[in-house]
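Trainee: structure for this input, please:
(chains A and B)
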Protein chains: 2
Amino acid sequence: MAEQKNNGLILVNTGNGKGKTTAALGMALRAWGQGMKVLILQFIKGGWKYGELKAAEKLGPNFEIRQMGEGFIKGPGDKFLEEHRHAAVEALAAAKTEISSGKYDLIILDEILYAINYGLVALPDTLDLMAKKPGGLHLVLTGRNAPPEIIERADLVTEMREIKHHYKKGIPAQKGIEF
Amino acid sequence: MAEQKNNGLILVNTGNGKGKTTAALGMALRAWGQGMKVLILQFIKGGWKYGELKAAEKLGPNFEIRQMGEGFIKGPGDKFLEEHRHAAVEALAAAKTEISSGKYDLIILDEILYAINYGLVALPDTLDLMAKKPGGLHLVLTGRNAPPEIIERADLVTEMREIKHHYKKGIPAQKGIEF
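Mentor: Below you'll find the model as predicted:
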């Protein structure tokens, strides 16, 4: 692990707008540029797209993305809810292991708040994870509807609010921008 | 230039919170991962820090950052206001040239909205720049207080709102996170 001069922050990107995952990705690149070791654990598949997966491959071993979850849930009647839950439990276990491993300087738990919203991950387990974070590690949590308990324990919380979106004008997702 | 299958979007990251520049950086990495050519023109020095400058060096010629501006303005009595203005005019000229050059797939005008807020760059010149954007190019504008005329012409506008900030708890800026 790189030397630990930092106190290590807990950061939360929440809100209904674009940029939660994208800003986490930017933070990951900045940290990587500083020679820090980065792990991105994806709780929901689909939040991270080809663009960043390809980029991660090119950036080498200090920039790791692990896709742990299933896709976004289709609705309350999603037939594969158990599979989603199972994948989220595995992602949480991986998060626990890696947070205490001392191998990383920055760990991003991408869409973990989504997993909490859907009851796939328990809030107390997440708070426990945050409480046990080693001093030098920066931890980033992303997803809509950050619970107040998480906001209370975070150092930096940003809400990404959608002001205007091109999907509403009928323009489809764009390569390099959304995937 | 890479092949132009996209229509090319105009995106705006605004608001008083963190993540405007960081999300633009994430977008740049995603586009770079897709093999696209990226240019970041910095209207105000200091928005982009060592982390991303070092990262850009490692990413090679398809990921270019140009620092054009002076630092942030100290206040209305800033003695170097003329130098700020001069630097911003040069940044705008570079933006015009590169937007019409056809060389890039994604151009980020970082903190151009800050430059507009301080009267360093004229709003009509910026609107003109947006109007002349070639079809295949994605253009990203960042900075606080996006003027309504820019929001109107943009495809995707996100407001980054500060909910909580560790500076207020007395924790200083952190390596890999803020620089």
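Trainee: give me the residue at the spatial middle of chain A.
Mentor: When chain A is reduced to its mean C-alpha position, the nearest residue by C-alpha atoms, centre = their mean turns out to be residue A:110, at 1.4 Å.
Trainee: kindly state the beta-bridge partners for that one.
Mentor: Each beta-bridge partner of residue A:110 is listed here: residue A:42, as defined by DSSP bridges.
Trainee: so stretch A:132-141, near chain B or not?
Mentor: Yes - if you take C-beta under 8 Å from any C-beta of the partner chain as the test, stretch A:132-141 does meet chain B, through residue A:138. Backbone N, C-alpha and C define where each C-beta goes, glycine included.
Trainee: next, the buried residues of that stretch.
Mentor: Across stretch A:132-141, burial judged by 16 or more other C-beta atoms under 10 Å in any protein chain shown covers A:133, A:136, A:137, A:138, A:139, A:140, A:141.
Trainee: how about stretch A:115-128?
Mentor: If you call a residue buried by 16+ other C-beta under 10 Å, then stretch A:115-128 has these buried ones: A:115, A:116, A:117, A:118, A:120, A:121, A:126.
Trainee: show me what contacts residue A:8?
Mentor: Residue A:8 makes contacts with A:133, A:134, A:135, A:136, A:137, A:138, A:139, B:174, as judged by C-beta atoms under 8 Å, 6 or more residues apart in numbering or on different chains.
Trainee: and those, which of them are in helices?
Mentor: Assigned to helices by DSSP state H, none of the contacts of residue A:8 qualify.
Trainee: how about a markdown table for those residues, with distance to residue B:55 and pLDDT added?
Mentor: Putting these into a markdown table (distance: C-beta to C-beta, whole Å; pLDDT from 0 to 100) gives the following:
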| residue | distance to residue B:55 | pLDDT |
| --- | --- | --- |
| A:133 | 24 | 94 |
| A:134 | 24 | 94 |
| A:135 | 25 | 90 |
| A:136 | 21 | 91 |
| A:137 | 20 | 96 |
| A:138 | 16 | 97 |
| A:139 | 21 | 98 |
| B:174 | 16 | 76 |
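Trainee: now distance to residue B:21 too, for those, in TSV please.
Mentor: What follows is the contacts of residue A:8, written out as TSV (distance: C-beta to C-beta, whole Å):
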residue	distance to residue B:21
A:133	25
A:134	28
A:135	27
A:136	25
A:137	23
A:138	17
A:139	21
B:174	16
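Trainee: how about the residues you listed, which pair is most distant?
Mentor: Taking C-beta to C-beta, the two most distant members of the contacts of residue A:8 are A:134 and B:174; they sit 14.6 Å apart.
Trainee: quick check: longest strand of chain A.
Mentor: The residue-count maximum for a strand in chain A (DSSP state E) belongs to strand A:156-164.
Trainee: direction included, what does that one pair against?
Mentor: As defined by DSSP bridges, the strand partners of strand A:156-164 come to strand A:10-14 (parallel), strand B:156-164 (antiparallel).
Trainee: comparing those strands, which comes out most buried?
Mentor: Highest mean neighbour count among the strands paired with strand A:156-164 (mean count of other C-beta atoms under 10 Å in any protein chain shown): strand A:10-14, with a mean of 26.
Trainee: need the helices for chain A, in chain order.
Mentor: A:20-33, A:50-59, A:81-101, A:112-117, A:123-131, A:148-153.
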